[in-house]
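1. When you get a sec, could you give me coordinates for this:
(one chain, ligands or ions: 1)
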Amino acid sequence: MGKLIIIGAGGVGNVVAQKCAREKDVFSEILIASRTKSKCDAIAASINQPHVSTAQVDADNVQELVALFNSFKPELVINVALPYQDLTIMDACLLAGVHYLDTANYEPIDVAKFEYSWQWAYQEKFKKAGLMALLGCGFDPGVSGIYTAYALKHHFDEIQYLDIIDCNAGDHGKAFATNFNPEINIREITQKGKYWENGQWKEIDPLSVHQPIGYPNIGPRESYLLYHEELESLVKNIPSIKRARFWMTFGQAYITHLQVLQNVGMTSIVPIIYEGKEIVPLQFLKAVLPEPSELGENYTGETSIGCQIRGIKEGKDRTYYIWNNCKHQDAWQDVQAQGVSYTTGVPAMLGAKMMMTGTWMKAGVYNVEEMDPDPFMKEIGGYGLPWNEIVNGELAFDDYK
Ligand code: NDP
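-> Numbers count the residues shown, from 1 in each chain. You can find the predicted model right below:
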């Protein structure tokens, strides 16, 4: 049991705060801190519990963070601000003696590039300080890595092929909106795709490889091969993997909007001068798009995210498919959020609970697949994200032949 700081008060921050506030035996006091304090206050008001308070913080500023940590004295910080803040928050954790968890790896603001090297470089510092940093504990990254670790522990001697498949078959009723921070989302999708095959990364043009994948309870949806950060840690931590890919669905209307926005320069991260002031087109675009936290109320349909795996068990080929389906309306009923914020925030809460209770606690910097998956898998269903598995049965798609 201990004190928790949640940094970030957007779509995911709301879910994390709501879910953590219900675990009073684990998180004795909770401080929600973000750049815009009114957003923290709105979340705290909806929770309406005396053990939840709020603060303003600029998470780009290490000294401000350290001062906040030293005055509140938390055991753990959950970082659900933006990937740009990962390193400043990790630095502050080291200075103030606080454990760390996030859901997205570090990205420099001026280059659309994400990789774990920057955060993995903190390994020795965290070990020496006796602190733990758990990286990428949302759904993907997060549950995708935990599913893979669970598959390896219980169903395979060797994993050879991994496909992470992510479908959002929901409808928020807006012409164009992104389900998590628009800036981060658009940076991710517009960069080159990449997958791991036979010991090397293969690069493809953005959104150039796609195929229909049949998702449970949803049916076939066009799915695009993207680069996603958990591929990097999974191929490092499970070296038997010969090929690892990540697929995500997009509707045609989304792609058309994105193409138009790209064609007119609105997705660029190169600053321009507008009326004498420097602005970044993508940041301006974010300002006019709906916030992810605003999409929930009328969102219908569901998400389906899972891992399809082929490998060897006791000398024989085996296939395995494990997934969760999450209805946007169920997420709304539970915590007034849409399904993408929900599927990210619930695992972050449970990962934090695993750390706070000592179930997952060791000094150093880790990705989720390095933890024992069993205690997490046992509890995640009860928090709203139940899972299903099929061994040697029907797959969502099959190109392993
Ligand atoms: P939002 O844009 O809704 O929220 C981001 C929050 O971070 C806002 O409250 C914002 O404040 C705050 N913030 C931004 N900069 C700072 C700063 N310098 N100091 C303090 N607070 C700051 O995004 P989401 O909630 O959708 O996403 C949150 C994180 O979750 C992102 O990193 C995203 O990549 C990750 N994510 C991970 C997923 C997974 O499955 N692993 C899936 C979806 C998201 P303000 O309101 O002032 O802008």
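2. ok, the residue of the chain found nearest the ligand - contacts?
-> Closest approach between the chain and the ligand, counting by CB to the nearest ligand atom: residue 10, at 1.9 Å. No exception for glycine: its C-beta is placed from N, CA and C like everyone else's. Contact analysis of residue 10 by CB atoms under 8 Å, 6 or more residues apart in numbering lists 34, 39, 80, 181, 291, 292, 293, 341.
3. ok, now residue 226?
-> Counted by CB under 8 Å, 6+ apart, residue 226 has contacts 188, 189, 193, 207, 246, 247, 248.
4. what about stretch 300-314 and the ligand, touching?
-> No - remark: stretch 300-314 sits outside contact range of the ligand, by CB under 6 Å from any ligand atom, the gap being at least 8.3 Å.
5. So which bits of that stretch are buried?
-> When burial is assessed from 16 or more other CB atoms under 10 Å, stretch 300-314 yields the following buried residues: 302, 303, 304, 305, 306, 307, 308, 309, 310, 311.
6. Closest one to residue 261 out of these, please.
-> Distance to residue 261 across these (CB to CB) is lowest for residue 303, with 23.6 Å.
7. What is the subsequent helix or strand relative to the helix or strand containing residue 63?
-> Using DSSP states H and E, residue 63 sits in helix 62-72. Moving toward the C-terminus from helix 62-72, the next helix or strand (DSSP H and E) is strand 76-79.
8. The helix or strand following that next one packs against which elements?
-> Later in the chain than strand 76-79, the nearest helix or strand by DSSP H and E is helix 86-96. Here helix 86-96 touches helix 62-72, strand 76-79, strand 99-102, helix 117-120, helix 123-129, going by 3 or more CB pairs under 8 Å, 6 or more residues apart in numbering; DSSP states H and E.
9. Okay, buried residues for helix 86-96 please.
-> By neighbour count with 16+ other CB under 10 Å, helix 86-96 contains the buried residues 86, 87, 88, 89, 90, 92, 93, 94, 96.
10. what sits against the first one?
-> Think residue 86. By CB under 8 Å, 6+ apart, the residues touching residue 86 are 79, 102, 104, 105, 106, 107, 118, 119.
11. Return the residues in contact with the fourth one.
-> Contact analysis of residue 105 by CB under 8 Å, 6+ apart lists 83, 86, 114, 115, 116, 118, 119, 135, 136, 141, 229.
12. Could you do the first one as well?
-> Neighbouring residues of residue 79 by CB under 8 Å, 6+ apart: 7, 8, 59, 85, 86, 89, 100, 101, 102, 103.
13. List phi and psi for the last one.
-> The reference is to residue 103. Phi and psi for residue 103, reported as degrees, to the nearest 10, are phi -130, psi 0.
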